[in-house]
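Trainee: Everything below, folded, please.
(one chain, ligands or ions: 2)
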Amino acid sequence: MPAAERPLALTLGDPSGIGPELALSAWRLRAERGVPPFQFIGDPDFLERTAHRLGLFVPVAEVEPDDAVEVFSKALPVLPLPSGATVEATPGAPDSANAGAIVESITTAVGLVRTGRASAVVTNPIAKFVLTKVGFAHPGHTEFLAALAASPGREPPLPVMLLWSEMLSVVPVTIHVALRRVPDLLTQALVERTARIVEADLRTRFGYEKPRLVLSGLNPHAGEAGTMGTEDRDVLAPAVAALRSEGIDIRGPLPADTLFHERARATYDVALCPTHDQALIPIKTLAFDEGVNVTLGLPFVRTSPDHGTAFDIAGKGVARPDSLIAALKLARRLSASNVTPFPVRA
Ligand SMILES: NC(=O)C1=CN([C@@H]2O[C@H](COP(=O)(O)OP(=O)(O)OC[C@H]3O[C@@H](n4cnc5c(N)ncnc54)[C@H](O)[C@@H]3O)[C@@H](O)[C@H]2O)C=CC1
Ligand SMILES: NCC(=O)COP(=O)(O)O
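Mentor: Ligands and ions are numbered 1, 2, ... in the order given. Purely as a prediction, here's the structure:
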């Protein structure tokens, strides 16, 4: 089935967070905002109760994956979890009892893409600590999806987190790790592998002819010639030189503090940053409602809103669906382009 005829697979996320209500809002705005057809993967009764509690009229329809697109104009299609797991959740009160359902929703979404019954995975936010508490071994979706994408007996692909918006796109080279571990993890090989994936995916998935990359420094003033830290000079600069010798358009390391003002942003398409917050603070400042988290380096398309579970506002009916809608629309666009899909299994 061509990607355009397949629904997106939208995961449950943390049911105590804002994800389920955002799914309801996105469905209600489907015509007005051009939201592509999606199916929510979770407990249909839970979603119905969520709509009722918020006073929203949203018909929820339990579907088989192949019926979701047809149903979407009339009702919000929900694919129950294959195990039959049900979900009970109090807004703003995360409970690890739901960890199984949260994870099953993600694995089911990937399975649907793998078998050609969904065009892409769109994830609702999860709170990492809720899963970690019950032994989940992955620090976030990004790393878990890479593990799910691994071929039997092979190393998982290196997943790359891209936060994308019309105004700015950024990539944290190290992702969900403590700051004190960054200098050890930030190797020349990691920078080079990350940049190659970014360059290739921006070209083949996003349609940039020759993407312009920059790399921000790790230390103040990009190390000030080695006097404020040596990583910029000894690790980042050699990585940039190697990548440039391969024909990749990348500059740096450049001081991080002057990389995100308007004139600087006009000189590149994506900024790679050594740490999570160096990358995510500028985009969440400039484009919190429009930003989309995209995992590059996978054999399928995965997007997500840029924000988290927002437990402080869950259940209050004030959460903005803009970033989820942007994530659904970008997933549709990327899955319609020339991506190498999973081999379709019968
Ligand atoms: N893709 C994912 O699964 C992500 C998950 N998280 C998780 O979310 C949890 C909470 O993280 P925080 O740092 O508090 O970030 P957060 O994004 O959940 O909330 C930060 C602030 O932004 C507000 N906010 C977030 N989304 C909003 C929306 N759609 N409309 C209106 N206001 C919104 C919240 O009310 C809060 O004041 C963490 O446990 C983290 O692990 C965080 C980022 C992404
Ligand atoms: N801060 C971004 C974030 O935590 C998203 O992580 P992931 O769950 O998409 O890996």
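
Trainee: can you pull the buried residues of stretch 310-324?
Mentor: Using 16 or more other C-beta atoms under 10 Å as the test for burial, stretch 310-324 gives 310, 311, 313, 314, 315, 319, 320, 321, 322, 323, 324. (C-beta placed from N, C-alpha, C; glycine too.)

Trainee: The third one in helix, strand or coil?
Mentor: Assigned with DSSP: H, G, I helix; E, B strand; the rest coil, residue 313 falls in the coil class.

Trainee: That one against residue 18, yeah?
Mentor: Yes: using C-beta atoms under 8 Å, residue 313 is in contact with residue 18, at 6.5 Å.

Trainee: hey, what's in contact with both of these two?
Mentor: Shared contacts of residue 313 and residue 18 (C-beta atoms under 8 Å, 6 or more residues apart in numbering): residue 319.

Trainee: For stretch 67-87, measure first residue to last.
Mentor: Stretch 67-87 has an end-to-end distance of 23 Å (C-alpha to C-alpha, to the nearest Å).

Trainee: Among the buried residues of stretch 310-324, find me the one that's closest to residue 30.
Mentor: For these, the residue nearest residue 30 by C-beta to C-beta is residue 321; the value is 10.8 Å.

Trainee: Not counting sequence-adjacent ones, nearest residue to the closest one?
Mentor: residue 25 (3.8 Å; C-beta to C-beta, 6 or more residues apart in numbering).

Trainee: do residue 104 as well
Mentor: The shortest distance from residue 104 to any non-neighbouring residue, by C-beta to C-beta, 6+ apart, is to residue 81 (5.0 Å).

Trainee: now swap in residue 91 and tell me
Mentor: In space, and not counting its chain neighbours, residue 91 is closest to residue 315: 2.6 Å by C-beta to C-beta, 6+ apart.

Trainee: Hmm, residue 51 and the one you found touching each other?
Mentor: No: using C-beta under 8 Å, residue 315 is not in contact with residue 51, being 11.9 Å away.

Trainee: what's around the residue lying closest to residue 42 once chain neighbours are set aside, how many residues?
Mentor: Nearest-residue entry for residue 42: residue 12, 3.8 Å, with adjacent residues in sequence omitted and distances by C-beta to C-beta, 6+ apart. For residue 12, the count of nearby residues is 32 (other C-beta atoms under 10 Å).

Trainee: how about residue 12, phi and psi?
Mentor: Phi and psi for residue 12, reported as degrees, to the nearest 10, are phi -60, psi -40.
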